[in-house]
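Q: Whatever this is, show me its structure:
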Amino acid sequence: MRMSPRAAALLAGALLSAGAAAKDALLRPWPAGQPTPALRLTTLDGRPWDVAGLRGKVVVVNFWATWCGPCVEELPVLGALAGRDGVAVVGVNYKEPLDSIERFTAAHPLAYPVLRDRTGDAFKRWSPGVMPATIVIDRTGRARWRTVGEIPPDDTRLRGAIDALLDAPQTNQKHNQN
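A: Coordinates of the predicted model:
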């Protein structure tokens, strides 16, 4: 039986969702040949924000929503990463009203900035369509890794990928951002 590309993508998304529900975060290299999208959004207080301002750091971008259980469960993992030297973490909230995000962050203070993806366009450009999704960007601004699903507290794969990027000389990390 042949599947249309759309059906295959939906099936893959469902399988990835099943893995995410099982706390089985999948760490994958950023797709070869896919440029790093721009990430220009606003903070919760309405200030413009651009990931390019974090060049020189390894950046962890996490797409999440307050209604996503696995997203909420992995917040402590992301908070721990935000405390590391040379690492910047940013949360990108998917299409929720400002008051919902503010109530949530007041009850669950985060150690990193939260941006608003009001339309969901950033999520579409950066993720495979499953939440939570986390992207690791090297110090030159190039996306290098992507996780799909909840990052468990004992996960060493993501930390290892971040460590390797922190240890790599910046001259060896070629920039490929459009």
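
Q: how about low-confidence regions in this structure?
A: Along the chain, the model assigns pLDDT under 70 to residues 1-24, 171-178.

Q: where exactly do the strands run in it?
A: 26-29, 40-43, 48-50, 58-64, 87-94, 114-117, 133-137, 143-148 (DSSP state E).

Q: Make JSON lines from the ones you listed and add distance to residue 103 to it.
A: All C-beta atoms are positioned from the backbone trio N, CA, C, and that covers glycine. Formatted as JSON lines, these follow (distance: least, CB to CB, whole Å):
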{"stretch": "strand 26-29", "distance to residue 103": "31"}
{"stretch": "strand 40-43", "distance to residue 103": "16"}
{"stretch": "strand 48-50", "distance to residue 103": "21"}
{"stretch": "strand 58-64", "distance to residue 103": "15"}
{"stretch": "strand 87-94", "distance to residue 103": "12"}
{"stretch": "strand 114-117", "distance to residue 103": "12"}
{"stretch": "strand 133-137", "distance to residue 103": "23"}
{"stretch": "strand 143-148", "distance to residue 103": "27"}
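
Q: mind putting those in JSON lines, distance to residue 159 and mean neighbour count included?
A: What follows is the strands of the chain, written out as JSON lines (distance: least, CB to CB, whole Å; neighbours: other CB atoms under 10 Å):
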{"stretch": "strand 26-29", "distance to residue 159": "10", "mean neighbour count": "14"}
{"stretch": "strand 40-43", "distance to residue 159": "26", "mean neighbour count": "15"}
{"stretch": "strand 48-50", "distance to residue 159": "25", "mean neighbour count": "13"}
{"stretch": "strand 58-64", "distance to residue 159": "11", "mean neighbour count": "25"}
{"stretch": "strand 87-94", "distance to residue 159": "10", "mean neighbour count": "22"}
{"stretch": "strand 114-117", "distance to residue 159": "22", "mean neighbour count": "21"}
{"stretch": "strand 133-137", "distance to residue 159": "10", "mean neighbour count": "25"}
{"stretch": "strand 143-148", "distance to residue 159": "11", "mean neighbour count": "22"}
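
Q: closest to residue 169 out of the ones you listed?
A: Nearest of the strands of the chain to residue 169, taken as CB to CB: strand 58-64 at 13.3 Å.

Q: And the strands of the chain: which comes nearest residue 72?
A: Nearest to residue 72 among the strands of the chain is strand 58-64; the distance by CB to CB comes to 7.8 Å.

Q: so what strands line up beside that closest one?
A: strand 87-94 (parallel), strand 133-137 (antiparallel) (DSSP bridges).
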